[in-house]
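Engineer: With the sequence up front, the predicted model follows.
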There are 2 protein chains.
Amino acid sequence: MSLRFALLALLTVEPMTGYDLAKRFESSVAFVWHAPDSQIYPELRKMAKEGLLTAEEIPWGPNGKKTQYRITIEGRAAFKQWMNTPLEYARERDPVHLKAAYLEWAEPSMAKQHMQAHIEYHRMRRGQWADMIAGLRDGTNEMLSKRLAAAAPQDHRRILEYKIFTYQGLIARAETEIEWGLRGLELIDSLSNTPPDDQPIHTPSSA
Amino acid sequence: MSLRFALLALLTVEPMTGYDLAKRFESSVAFVWHAPDSQIYPELRKMAKEGLLTAEEIPWGPNGKKTQYRITIEGRAAFKQWMNTPLEYARERDPVHLKAAYLEWAEPSMAKQHMQAHIEYHRMRRGQWADMIAGLRDGTNEMLSKRLAAAAPQDHRRILEYKIFTYQGLIARAETEIEWGLRGLELIDSLSNTPPDDQPIHTPSSA
DNA sequence: AGCCACTACCTATGTTCATAGTTAGTTGTC
DNA sequence: GACAACTAACTATGAACATAGGTAGTGGCT
């Protein structure tokens, strides 16, 4: 249900083709939202039929053409309305923590590998998001520049700050995951290094 | 794909009916994994056909009967194998941060409501998970007691510690979200209280 | 005896999403 | 002019999941 609003969000900047949008969902916006083109094209047609977008065939080279989608006033209204609607939180479904809960079933070396992969994954994301913030701050981010150019000056600060705030939240989340992963590595070591015999249960007095 | 392993994880404790499993996915385990019964029953039949489980019809009252599923050796092997396989991380799809990035489109009062809801949601979860840890620690948790009773004594510590570790990670995550939400509230206030006129863009020197 | 909450199980429908293709035109280059 | 890389768009299939129903038996209470 959120895909269409992610599309609307991008189309508030400028009209785009399905291909343009798909590319953004693969690269720049990919670390916040992802969607394959096979989902995007049908959704755009549906949204055009509902009046949220207008589709315009524009020429492309001598024989080709492409469809550019432009957000309508109704589209903007729908986006605004979604922005003013509280979202219901999806039920939990978390493979990482499901696995972590039963780590006693994995080989200690494999358990450590899980944690290592978790740490690396979130370090990578933290880096990506830090780059995003840098791009927002130094004016390198194209989408932001275009968005600001089309917005009233008194809104510029809001627009920038909320985007930075979003990525800061994602960085904070990644850092929590990294710390948890590091604690996991220590735990696995402490549980496999010590001989199991003299490990009393539920008695924190020894150690 | 993970549903069957969540089911196997629960069935390593004791044989259960589909109804039992569905109940657990609605209550005790619900804050880590959720699945509706309409998904569970077909999956159990599929798993039985694949040899991961055996289905046993047991009487229930004078005329009734119920199907109890028991994990097989192959089922245990499959679970162990999954536990020793690195999991691939799903592509990002995060409605909360999608919304946060475009908060300039929402009324300030609504933006604050979003953040408030986020904070409350994660406070609730933090509480639930803290209760889970308490239950694990004081022996109140039935599933854990049964699991320990069926396990070798030298494994008891691992089994307990990994479960606590998992919930600690979820608590840490919730706390990060709460902090982010609180910072969001402050940000919204600071952006709507100050007059927009004397708010220069990209010049951190004034302030 | 009637009623209700619960246990147990099943089915149908629609959406979202991943995966993996296909077709066709464009642009640049060797 | 052959080729590759890219742009543009579409289709098919199946898994996962949400939602919303239905049927039937049980146990307990009044």
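Structural biologist: All right, it came through fine.
Engineer: what separates the residue most central in space within chain A from DNA strand D, distance-wise?
Structural biologist: With distances taken as CA atoms, centre = their mean, the residue of chain A nearest its centroid is residue A:32 (1.7 Å). Residue A:32 sits at a distance of 20 Å from DNA strand D (criterion: CB to the nearest atom of the strand, to the nearest Å). Heads up, the C-betas are built off the backbone N, CA and C, glycines and all.
Engineer: Tell me if I'm right that that residue and residue B:96 touch.
Structural biologist: No. Here residue A:32 does not reach residue B:96: they are 10.2 Å apart, not a contact under CB atoms under 8 Å.
Engineer: Mind listing residues that contact stretch A:125-145?
Structural biologist: A:10, A:13, A:24, A:28, A:31, A:159-160, A:163-164, A:167-168, A:170-171, A:174-175, A:178, B:202 (CB atoms under 8 Å, 6 or more residues apart in numbering or on different chains).
Engineer: Just the buried positions in it, please.
Structural biologist: The neighbour-count check on stretch A:125-145 (16 or more other CB atoms under 10 Å in any protein chain shown) flags A:125, A:126, A:129, A:132, A:133, A:135, A:136, A:141, A:143, A:144 as buried.
Engineer: Report the buried members of the contacts of stretch A:125-145.
Structural biologist: By neighbour count, with 16+ other CB under 10 Å, those hold A:10, A:13, A:24, A:31, A:159-160, A:163, A:167-168, A:170-171, A:174, A:178 as buried.
Engineer: For the longest helix along chain A, which helices and strands make contact with it?
Structural biologist: Of all segments of type helix in chain A, defined using DSSP state H, the longest is helix A:156-193. Helices and strands touching helix A:156-193, as assessed by 3 or more CB pairs under 8 Å, 6 or more residues apart in numbering or on different chains; DSSP states H and E, comprise helix A:108-137, helix A:142-150, helix B:95-101, helix B:156-193.
Engineer: got the angle between it and helix B:108-138?
Structural biologist: Relative orientation of helix A:156-193 versus helix B:108-138 (axes from the mean of the first three to the mean of the last three CA atoms, to 10 degrees): 10 degrees.
Engineer: what is the orientation angle of helix A:156-193 with helix A:142-150?
Structural biologist: Going by the same axes, to 10 degrees, helix A:156-193 makes 160 degrees with helix A:142-150.
Engineer: Check which residues of helix A:156-193 are buried.
Structural biologist: Neighbour-count burial for helix A:156-193 flags A:156-163, A:165-174, A:176-178, A:180-181, A:184-185, A:187-188, A:191 (criterion: 16+ other CB under 10 Å).
Engineer: Check stretch A:86-105 too.
Structural biologist: A:87, A:94-105.
Engineer: how about the residues of chain A that lie near DNA strand D?
Structural biologist: A:17-20, A:23, A:37-38, A:41-42, A:44-45, A:60, A:66-68, A:90-91, A:93 (CB under 7 Å from any atom of the strand).
Engineer: again, only using 10 Å
Structural biologist: Residues of chain A found near DNA strand D (CB under 10 Å from any atom of the strand) are A:1, A:16-23, A:26, A:36-42, A:44-45, A:55-58, A:60-61, A:64-69, A:88, A:90-93, A:95.
Engineer: picking that back up, contact partners for the residue nearest to the centre of chain A?
Structural biologist: If you count contacts by CB under 8 Å, 6+ apart, then residue A:32 has A:166, A:170, B:92, B:94, B:97, B:98, B:101 around it.
Engineer: which residue packs closest to the last one, ignoring adjacent ones?
Structural biologist: Leaving out its chain neighbours, the residue that sits closest to residue B:101 by CB to CB, 6 or more residues apart in numbering or on different chains is residue A:166, at 4.2 Å.
Engineer: any idea how far that neighbour lies from DNA strand C?
Structural biologist: Counting by CB to the nearest atom of the strand, the gap from residue A:166 to DNA strand C is 18 Å.
Engineer: hang on, isn't that residue packed against residue B:96?
Structural biologist: No. The pair residue A:166 and residue B:96 fails to qualify as a contact (CB under 8 Å) at a distance of 9.2 Å.
Engineer: So what are the structural domains in chain A, by residue number?
Structural biologist: A:3-83, A:95-193 (automatic domain parsing).
Engineer: What parts of chain A come near DNA strand C?
Structural biologist: Residues of chain A lying near DNA strand C (CB under 10 Å from any atom of the strand): A:1-4, A:6, A:19, A:25, A:33-39, A:41-43, A:46, A:59-66, A:90.
Engineer: One more pass at 7 Å, please.
Structural biologist: A:1-3, A:34-39, A:60-64.
Engineer: Per-residue pLDDT of the residue nearest to residue A:112 when sequence neighbours are not counted, please?
Structural biologist: Distance criterion CB to CB, 6+ apart; nearest residue to residue A:112, sequence neighbours excluded, is residue A:188 at 5.3 Å. For residue A:188, the model assigns a pLDDT of 97.
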